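pasting the sequence and the predicted coordinates here, then a few questions.
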Amino acid sequence: MSRRRTAAALALVLAACNAGSARSSGEFDGARALAYVERQLAFGPRIPNTAGHRGAGDWLAAELAGRADTVIVQAWTHVTARGDTLALRNFFARFRPAATDRVLFVAHWDTRPQADRSANMAAQRQPVPGANDGASGVAVLLGIADALQKHAPAVGVDLLFVDGEDWGDFSDSTEALIGSRYFAAHLPPGYQPLYGVLFDMVGDKDLQLYWEGYSQANAPEVVQRVWSFAERLGYERIFQPSVRHTLVDDHVPLQEAGLRVIDVIDFDYPYWHTTEDTIDKVSAASLKAVGDVAIALVR
């Protein structure tokens, strides 16, 4: 799809969204999304090559199969530069798969093997529970799936759950963001969504979402669209219209593949990559705010 056609199609989609966004706020169930966070934590840390990771992945696949029109599983073995061999899976759930105009939502479902930012040195060897960093984004996407199963979206919608995001050093392309890099290298033939939104660490009770630097630089119209809908829905105190952080996350490999994907992330989260990233830090209200905005985008 050319940039000109993409822009024109996006304008039509926005007009449709303007007409339907008022009813979106009641579609997303924040309490149910919080239950999805709890369910993921019940598997334990979702670290590649562990029983918790396998169990959470099987559960996620089954949940998506019961909601989406089609589910594609990208399964592969990844070897890092350090020689770690990882069994990984991306899940790509599609609603209205035949629709040409599409919106992509993304989250990572794995958790970090070591809590390297914990203040206690002994805790730094322990895994991150991943209530906010991982489980919150997955919960939002599952809540979106619940809503789209009940009422079909105005456009095609794809939910991408990427694996291996949090494995290792973010400066090494073989050790972090592994699933998004894999998806970027193995896109469906001709895949060019109108735009995409990555949801990462969006469940914090004290949720503050600022524009992310690479998002604003490379897809400013998508940033504007998301924050505009947030304001219309009354979430302007959460969605702050200014750049606060610029960071490498799963949206960057997708941007490099030509997809206009932005990052919605609360990076001012003191429990990031620590053993304290637990369920008590996450709220149903925060999940609902983000979920409401996501659903408004495709109505």
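Received the coordinates, thanks. Residues are numbered from 1 along each chain as shown.

from here on, contacts and neighbour counts on C-alpha atoms
Noted.

I'd like the mean pLDDT over the helix or strand hosting Phe161, please.
The secondary structure element spanning Phe161 is strand 156-162 (assigned by DSSP states H and E). pLDDT averaged over strand 156-162 equals 99, rounded to a whole number.

who does that strand pair up with?
strand 85-95 (antiparallel), strand 102-108 (parallel) (DSSP bridges).

what does that strand contact?
The contact list for strand 156-162 (C-alpha atoms under 8 Å, 6 or more residues apart in numbering) reads 89-110, 138, 141, 179-180, 298.

and the gap between Asp163 and Glu221?
When C-alpha to C-alpha, to the nearest Å is the yardstick, Asp163 and Glu221 sit 28 Å from each other.

okay, the two: which has more neighbours?
Set Asp163 next to Glu221 and count neighbours by other C-alpha atoms under 10 Å: Asp163 wins out with 33 against 15.

I'd say that one and Trp109 touch.
Yes - proximity of Asp163 to Trp109 meets the contact threshold set by C-alpha atoms under 8 Å, at 5.9 Å.

give the rounded mean pLDDT of the helix or strand containing Val264.
Counting by DSSP H and E, the element that carries Val264 is strand 261-265. Rounded to a whole number, the mean pLDDT of strand 261-265 is 98.

related to what we said a few turns ago, quick check: which of the strands paired with strand 156-162 is nearest to His151?
Counting by C-alpha to C-alpha, His151 lies closest to strand 85-95 out of the strands paired with strand 156-162; the figure is 10.6 Å.

that older thread, can you select the buried ones from the contacts of strand 156-162 in ChimeraX?
For the buried members of the contacts of strand 156-162, the matching ChimeraX selection, counting by 16 or more other C-alpha atoms under 10 Å, is:
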select :89,90,91,92,93,94,95,96,97,101,102,103,104,105,106,107,108,109,110,138,141,179,180,298
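
CA atoms only: put the strand holding Val264 into PDB for me.
Taking Å, rounded to 0.1, in the frame of the first residue of the first chain, the C-alpha atoms of strand 261-265 are listed here in PDB:
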ATOM      1  CA  VAL A 261       4.100   1.500  15.100                       C
ATOM      2  CA  ILE A 262       4.300   3.600  18.300                       C
ATOM      3  CA  ASP A 263       5.000   2.700  21.900                       C
ATOM      4  CA  VAL A 264       2.500   3.400  24.700                       C
ATOM      5  CA  ILE A 265       4.500   2.800  27.800                       C
END
